[in-house]
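Engineer: how would this look folded up:
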Amino acid sequence: MRAFVTGISGFVGGHLAEHLLASGDQVAGVSASGRFPDDLAELARSVRIERLDLMDVDQAELADLLRRKQPEAIYHLAAQSNPRASFDDPRGTWALNLGGTLNLLSAVKEAGLAPKPRVVIVGSGVCYGDPPPEFIPVTESCPLRPNNPYSASKAAADLLGVQMHLSDGLDVVMARPFNHAGPRQSPRYVLATLAHQVAEVEAGLKDAVEVGNLDVVRDYTDVRDVVRAYRLLAQGGKAGEIYNLGTGRGLKLTDALDRFLALATKPIAVRIDPARVRAVDLPYLVADPSKLRAAVGWEPVFPIDQTLADMLADARRRVAGG
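Structural biologist: Next up is the predicted model:
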(Lines give C-alpha, C1' and ligand atoms only; values in the text may rest on other atoms or scores of the structure.)
Protein backbone atom coordinates (compact mmCIF):
# COMPACT_ATOMS: atom_id res chain seq x y z
CA MET A 1 0.00 0.00 0.00
CA ARG A 2 1.26 3.49 -0.84
CA ALA A 3 0.91 5.59 2.31
CA PHE A 4 1.14 9.34 2.82
CA VAL A 5 1.40 10.73 6.36
CA THR A 6 0.98 14.32 7.52
CA GLY A 7 2.90 15.15 10.69
CA ILE A 8 5.17 12.20 9.98
CA SER A 9 8.09 13.50 12.03
CA GLY A 10 6.08 13.67 15.27
CA PHE A 11 5.73 11.15 18.09
CA VAL A 12 2.86 9.17 16.56
CA GLY A 13 4.05 9.82 13.01
CA GLY A 14 7.39 8.14 13.67
CA HIS A 15 5.74 5.07 15.16
CA LEU A 16 3.24 4.94 12.29
CA ALA A 17 6.02 5.17 9.69
CA GLU A 18 7.86 2.31 11.39
CA HIS A 19 4.71 0.17 11.44
CA LEU A 20 3.83 0.92 7.81
CA LEU A 21 7.34 0.03 6.65
CA ALA A 22 7.30 -3.19 8.69
CA SER A 23 3.96 -4.03 7.01
CA GLY A 24 5.53 -3.66 3.56
CA ASP A 25 4.01 -0.28 2.66
CA GLN A 26 5.68 2.47 0.65
CA VAL A 27 5.76 5.54 2.89
CA ALA A 28 6.04 9.25 2.17
CA GLY A 29 5.01 12.19 4.28
CA VAL A 30 5.18 15.84 5.19
CA SER A 31 5.79 17.85 8.33
CA ALA A 32 6.34 21.49 9.20
CA SER A 33 10.02 20.80 9.93
CA GLY A 34 10.65 18.59 6.91
CA ARG A 35 13.00 16.34 8.82
CA PHE A 36 12.96 13.50 11.33
CA PRO A 37 14.37 14.08 14.82
CA ASP A 38 17.81 12.63 15.46
CA ASP A 39 16.49 9.46 17.11
CA LEU A 40 14.48 8.68 13.95
CA ALA A 41 17.21 9.55 11.46
CA GLU A 42 17.26 5.98 10.15
CA LEU A 43 13.71 6.44 8.85
CA ALA A 44 15.01 8.96 6.32
CA ARG A 45 16.66 6.05 4.48
CA SER A 46 13.27 4.52 3.69
CA VAL A 47 10.78 7.41 3.92
CA ARG A 48 10.66 10.47 1.68
CA ILE A 49 9.77 13.40 3.93
CA GLU A 50 9.06 16.89 2.61
CA ARG A 51 8.59 20.21 4.37
CA LEU A 52 5.01 21.47 4.24
CA ASP A 53 3.00 23.59 6.66
CA LEU A 54 -0.71 22.77 6.38
CA MET A 55 -1.60 26.18 7.85
CA ASP A 56 0.15 27.97 5.03
CA VAL A 57 0.02 25.72 2.01
CA ASP A 58 -0.71 26.35 -1.63
CA GLN A 59 -3.61 24.01 -2.32
CA ALA A 60 -2.63 23.45 -5.94
CA GLU A 61 0.91 22.57 -4.82
CA LEU A 62 -0.41 20.06 -2.28
CA ALA A 63 -2.80 18.57 -4.85
CA ASP A 64 0.12 18.19 -7.26
CA LEU A 65 2.18 16.50 -4.55
CA LEU A 66 -0.64 14.01 -3.99
CA ARG A 67 -0.85 13.32 -7.73
CA ARG A 68 2.89 12.59 -7.76
CA LYS A 69 2.74 10.31 -4.73
CA GLN A 70 -0.52 8.56 -5.76
CA PRO A 71 -1.30 7.46 -2.18
CA GLU A 72 -3.76 4.70 -1.52
CA ALA A 73 -3.99 5.70 2.16
CA ILE A 74 -3.52 9.14 3.73
CA TYR A 75 -3.01 9.38 7.49
CA HIS A 76 -3.70 12.88 8.79
CA LEU A 77 -1.73 13.28 12.03
CA ALA A 78 -0.52 16.90 11.73
CA ALA A 79 -1.99 18.84 14.65
CA GLN A 80 -1.42 21.02 17.65
CA SER A 81 -1.94 18.11 19.99
CA ASN A 82 -1.50 19.48 23.50
CA PRO A 83 -4.72 20.51 25.29
CA ARG A 84 -2.94 22.77 27.78
CA ALA A 85 -0.97 24.54 25.03
CA SER A 86 -4.20 25.15 23.13
CA PHE A 87 -5.28 27.66 25.78
CA ASP A 88 -2.10 29.65 25.15
CA ASP A 89 -2.69 29.76 21.38
CA PRO A 90 -6.35 29.03 20.56
CA ARG A 91 -6.18 30.69 17.13
CA GLY A 92 -3.12 28.71 16.11
CA THR A 93 -4.72 25.53 17.40
CA TRP A 94 -7.87 26.09 15.34
CA ALA A 95 -5.85 27.15 12.30
CA LEU A 96 -3.90 23.89 12.23
CA ASN A 97 -6.41 21.39 13.58
CA LEU A 98 -9.43 22.54 11.55
CA GLY A 99 -7.89 24.75 8.86
CA GLY A 100 -5.11 22.26 8.15
CA THR A 101 -7.66 19.46 7.79
CA LEU A 102 -9.72 21.59 5.40
CA ASN A 103 -6.61 22.35 3.34
CA LEU A 104 -5.69 18.66 3.13
CA LEU A 105 -9.18 17.41 2.23
CA SER A 106 -9.63 20.20 -0.32
CA ALA A 107 -6.34 19.16 -1.94
CA VAL A 108 -7.46 15.52 -2.00
CA LYS A 109 -10.64 16.64 -3.75
CA GLU A 110 -8.72 18.82 -6.24
CA ALA A 111 -6.18 16.08 -6.98
CA GLY A 112 -8.94 13.87 -8.36
CA LEU A 113 -7.04 10.65 -7.68
CA ALA A 114 -8.49 7.43 -9.01
CA PRO A 115 -9.11 5.25 -7.18
CA LYS A 116 -9.90 7.61 -4.34
CA PRO A 117 -7.44 7.31 -1.45
CA ARG A 118 -8.68 6.36 1.98
CA VAL A 119 -8.11 9.29 4.37
CA VAL A 120 -7.79 8.48 8.07
CA ILE A 121 -8.45 11.64 10.10
CA VAL A 122 -7.07 11.39 13.63
CA GLY A 123 -9.29 13.15 16.15
CA SER A 124 -9.36 12.77 19.92
CA GLY A 125 -11.45 11.13 22.62
CA VAL A 126 -11.24 14.31 24.71
CA CYS A 127 -13.84 15.88 22.39
CA TYR A 128 -16.45 14.13 24.58
CA GLY A 129 -15.39 16.27 27.54
CA ASP A 130 -16.76 15.04 30.88
CA PRO A 131 -19.28 12.38 29.75
CA PRO A 132 -22.58 11.84 31.56
CA PRO A 133 -22.64 8.60 33.62
CA GLU A 134 -24.91 6.85 31.11
CA PHE A 135 -22.21 7.23 28.43
CA ILE A 136 -19.36 5.64 30.43
CA PRO A 137 -17.48 3.86 28.94
CA VAL A 138 -17.73 6.33 26.07
CA THR A 139 -19.40 5.26 22.83
CA GLU A 140 -19.43 7.20 19.58
CA SER A 141 -23.01 8.32 20.33
CA CYS A 142 -21.89 10.26 23.41
CA PRO A 143 -22.63 14.02 23.08
CA LEU A 144 -19.63 16.18 22.23
CA ARG A 145 -18.71 18.56 25.08
CA PRO A 146 -15.16 19.77 24.39
CA ASN A 147 -13.73 22.00 27.13
CA ASN A 148 -10.57 23.35 25.49
CA PRO A 149 -9.60 24.69 22.04
CA TYR A 150 -7.73 21.48 21.20
CA SER A 151 -10.70 19.16 21.75
CA ALA A 152 -13.17 21.58 20.13
CA SER A 153 -11.02 21.96 17.01
CA LYS A 154 -10.57 18.19 16.77
CA ALA A 155 -14.34 17.66 17.04
CA ALA A 156 -14.86 20.22 14.27
CA ALA A 157 -12.30 18.45 12.06
CA ASP A 158 -14.23 15.19 12.50
CA LEU A 159 -17.45 16.91 11.40
CA LEU A 160 -15.61 18.35 8.41
CA GLY A 161 -14.54 14.83 7.45
CA VAL A 162 -18.13 13.61 7.66
CA GLN A 163 -19.35 16.59 5.65
CA MET A 164 -16.81 16.15 2.84
CA HIS A 165 -17.58 12.45 2.68
CA LEU A 166 -21.29 13.17 2.27
CA SER A 167 -21.04 16.24 0.03
CA ASP A 168 -17.92 15.48 -2.01
CA GLY A 169 -17.68 11.71 -1.89
CA LEU A 170 -14.27 11.61 -0.21
CA ASP A 171 -13.30 8.24 1.28
CA VAL A 172 -12.76 9.40 4.86
CA VAL A 173 -12.83 7.62 8.22
CA MET A 174 -12.36 9.32 11.58
CA ALA A 175 -10.41 7.77 14.46
CA ARG A 176 -10.92 9.14 17.97
CA PRO A 177 -8.00 7.85 20.02
CA PHE A 178 -8.19 8.31 23.75
CA ASN A 179 -4.95 8.85 25.67
CA HIS A 180 -1.93 7.08 24.27
CA ALA A 181 1.68 6.85 25.34
CA GLY A 182 4.92 5.08 24.61
CA PRO A 183 8.64 5.47 24.08
CA ARG A 184 9.77 8.77 22.50
CA GLN A 185 6.75 10.73 23.75
CA SER A 186 7.42 14.34 24.71
CA PRO A 187 7.64 15.12 28.45
CA ARG A 188 4.83 17.64 27.84
CA TYR A 189 2.48 14.69 28.44
CA VAL A 190 1.80 13.31 31.89
CA LEU A 191 3.09 9.71 31.69
CA ALA A 192 6.15 10.81 29.74
CA THR A 193 6.94 13.56 32.24
CA LEU A 194 6.62 11.11 35.13
CA ALA A 195 9.04 8.72 33.41
CA HIS A 196 11.43 11.56 32.57
CA GLN A 197 11.45 12.89 36.12
CA VAL A 198 12.06 9.44 37.61
CA ALA A 199 15.05 9.06 35.27
CA GLU A 200 16.31 12.51 36.31
CA VAL A 201 16.06 11.65 40.01
CA GLU A 202 17.86 8.35 39.39
CA ALA A 203 20.64 10.31 37.65
CA GLY A 204 20.92 12.80 40.50
CA LEU A 205 19.62 15.71 38.42
CA LYS A 206 16.51 16.28 40.58
CA ASP A 207 15.64 15.60 44.18
CA ALA A 208 11.96 14.68 43.64
CA VAL A 209 9.26 13.94 41.10
CA GLU A 210 6.84 16.87 40.91
CA VAL A 211 3.20 16.04 40.14
CA GLY A 212 -0.19 17.67 39.67
CA ASN A 213 -3.61 16.06 40.05
CA LEU A 214 -3.09 12.29 39.87
CA ASP A 215 -6.61 11.30 40.92
CA VAL A 216 -7.91 11.33 37.33
CA VAL A 217 -8.56 8.11 35.40
CA ARG A 218 -7.63 7.75 31.75
CA ASP A 219 -7.76 5.03 29.09
CA TYR A 220 -4.14 4.65 27.94
CA THR A 221 -3.27 2.72 24.79
CA ASP A 222 0.29 2.00 23.73
CA VAL A 223 1.16 4.12 20.69
CA ARG A 224 2.33 0.97 18.90
CA ASP A 225 -1.18 -0.45 19.23
CA VAL A 226 -2.68 2.88 18.16
CA VAL A 227 -0.81 2.96 14.85
CA ARG A 228 -1.86 -0.62 14.13
CA ALA A 229 -5.46 0.50 14.49
CA TYR A 230 -4.91 3.36 12.04
CA ARG A 231 -3.65 1.00 9.36
CA LEU A 232 -6.52 -1.41 9.98
CA LEU A 233 -8.98 1.47 9.58
CA ALA A 234 -7.28 2.43 6.33
CA GLN A 235 -7.91 -1.10 5.11
CA GLY A 236 -11.29 -1.95 6.59
CA GLY A 237 -13.08 0.97 8.22
CA LYS A 238 -16.38 2.14 6.75
CA ALA A 239 -16.24 5.47 4.93
CA GLY A 240 -17.87 8.34 6.80
CA GLU A 241 -17.77 6.57 10.16
CA ILE A 242 -16.16 7.58 13.46
CA TYR A 243 -14.33 5.01 15.62
CA ASN A 244 -13.29 5.35 19.26
CA LEU A 245 -9.84 3.92 19.93
CA GLY A 246 -8.91 2.77 23.41
CA THR A 247 -8.45 -0.28 25.59
CA GLY A 248 -11.74 0.07 27.47
CA ARG A 249 -9.81 0.02 30.76
CA GLY A 250 -9.07 2.97 33.04
CA LEU A 251 -5.72 3.76 34.64
CA LYS A 252 -5.57 6.06 37.64
CA LEU A 253 -2.52 8.30 37.34
CA THR A 254 -1.54 7.58 40.94
CA ASP A 255 -1.28 3.91 40.00
CA ALA A 256 0.87 4.79 36.98
CA LEU A 257 3.23 6.76 39.23
CA ASP A 258 3.38 3.86 41.71
CA ARG A 259 4.43 1.53 38.88
CA PHE A 260 7.15 3.92 37.77
CA LEU A 261 8.39 4.20 41.36
CA ALA A 262 8.47 0.39 41.65
CA LEU A 263 10.68 0.25 38.54
CA ALA A 264 13.07 2.92 39.85
CA THR A 265 16.61 1.99 40.87
CA LYS A 266 16.43 4.05 44.08
CA PRO A 267 13.78 5.52 46.42
CA ILE A 268 12.04 8.49 44.77
CA ALA A 269 10.51 11.42 46.65
CA VAL A 270 7.28 12.90 45.29
CA ARG A 271 5.86 16.39 45.84
CA ILE A 272 2.85 18.33 44.58
CA ASP A 273 3.55 21.21 42.22
CA PRO A 274 0.52 23.56 42.06
CA ALA A 275 1.63 24.76 38.62
CA ARG A 276 1.02 21.25 37.28
CA VAL A 277 -2.62 21.16 38.41
CA ARG A 278 -4.84 21.90 35.42
CA ALA A 279 -7.63 24.44 35.69
CA VAL A 280 -9.85 22.16 33.60
CA ASP A 281 -9.37 18.44 34.08
CA LEU A 282 -11.67 15.51 33.36
CA PRO A 283 -12.02 13.10 36.29
CA TYR A 284 -12.80 9.93 34.29
CA LEU A 285 -12.51 9.20 30.57
CA VAL A 286 -12.54 5.61 29.27
CA ALA A 287 -13.42 4.46 25.76
CA ASP A 288 -15.82 1.84 24.52
CA PRO A 289 -13.85 0.48 21.53
CA SER A 290 -16.38 -2.20 20.53
CA LYS A 291 -17.25 -0.51 17.21
CA LEU A 292 -13.59 -0.48 16.17
CA ARG A 293 -13.10 -4.09 17.22
CA ALA A 294 -16.18 -5.23 15.31
CA ALA A 295 -15.12 -3.32 12.18
CA VAL A 296 -11.47 -4.35 11.86
CA GLY A 297 -10.77 -6.94 14.57
CA TRP A 298 -8.30 -4.72 16.44
CA GLU A 299 -7.16 -5.67 19.93
CA PRO A 300 -4.40 -4.03 21.98
CA VAL A 301 -1.26 -6.13 22.33
CA PHE A 302 0.93 -4.10 24.71
CA PRO A 303 -0.06 -4.30 28.41
CA ILE A 304 0.27 -1.05 30.35
CA ASP A 305 3.14 -2.42 32.46
CA GLN A 306 5.21 -2.98 29.32
CA THR A 307 4.33 0.50 28.02
CA LEU A 308 5.47 2.13 31.26
CA ALA A 309 8.66 0.04 31.44
CA ASP A 310 9.53 0.93 27.83
CA MET A 311 8.86 4.62 28.53
CA LEU A 312 11.14 4.61 31.57
CA ALA A 313 13.90 2.83 29.63
CA ASP A 314 13.58 5.43 26.87
CA ALA A 315 13.64 8.29 29.41
CA ARG A 316 16.81 6.87 30.98
CA ARG A 317 18.51 6.82 27.57
CA ARG A 318 17.50 10.40 26.89
CA VAL A 319 18.62 11.66 30.30
CA ALA A 320 21.93 9.82 29.96
CA GLY A 321 22.42 11.38 26.54
CA GLY A 322 21.77 14.89 27.80
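
Engineer: contacting residues for the nearest residue to G24 once chain neighbours are set aside?
Structural biologist: Spatially, and ignoring its direct neighbours in sequence, G24 is nearest to M1 (7.9 Å; C-beta to C-beta, 6 or more residues apart in numbering). From N, CA and C alone the C-beta is placed, and that goes for glycine too. Each residue near M1 by C-beta atoms under 8 Å, 6 or more residues apart in numbering is listed here: L20, S23, G24, D25, Q26, E72, A73, A234, Q235.

Engineer: Next, find the distance separating M1 from V108.
Structural biologist: Using C-beta to C-beta, to the nearest Å, we find M1 at a distance of 16 Å from V108.

Engineer: D89 now?
Structural biologist: Distance from D89 to V108, by C-beta to C-beta: 27 Å.

Engineer: These two: which is more packed in?
Structural biologist: V108 (25 against 14; other C-beta atoms under 10 Å).

Engineer: mind listing what the residue nearest to G212 when sequence neighbours are not counted touches?
Structural biologist: Of all residues not flanking G212 in the chain, R276 sits nearest, at 3.2 Å (C-beta to C-beta, 6+ apart). By C-beta under 8 Å, 6+ apart, R276 lies in contact with E210, V211, G212, N213.

Engineer: Then N244?
Structural biologist: G125, V138, T139, E140, R176, F178, A287, D288, P289, K291, L292.

Engineer: residues in contact with the closest residue to the third one other than its chain neighbours?
Structural biologist: When you say that, I think you mean T139. Among residues not flanking T139 along the chain, D288 sits closest, at 4.7 Å (C-beta to C-beta, 6+ apart). Going by C-beta under 8 Å, 6+ apart, D288 touches P137, V138, T139, N244, G246, G248.

Engineer: Neighbour-wise, give me the winner out of those.
Structural biologist: G246 (28 neighbours).

Engineer: can you put the contacts of M1 in a markdown table and add neighbour count, distance to V227 and secondary structure?
Structural biologist: Below are the contacts of M1 laid out as a markdown table (neighbours: other C-beta atoms under 10 Å; distance: C-beta to C-beta, whole Å; DSSP: H, G, I helix; E, B strand; the rest coil):
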| residue | neighbour count | distance to V227 | secondary structure |
| --- | --- | --- | --- |
| L20 | 26 | 8 | helix |
| S23 | 14 | 10 | coil |
| G24 | 7 | 15 | coil |
| D25 | 16 | 12 | coil |
| Q26 | 17 | 16 | strand |
| E72 | 18 | 17 | coil |
| A73 | 22 | 12 | strand |
| A234 | 24 | 11 | helix |
| Q235 | 13 | 13 | helix |
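
Engineer: Kindly indicate which of these lies nearest E200.
Structural biologist: Proximity of those to E200 (C-beta to C-beta) peaks at L20, which lies at 33.4 Å.
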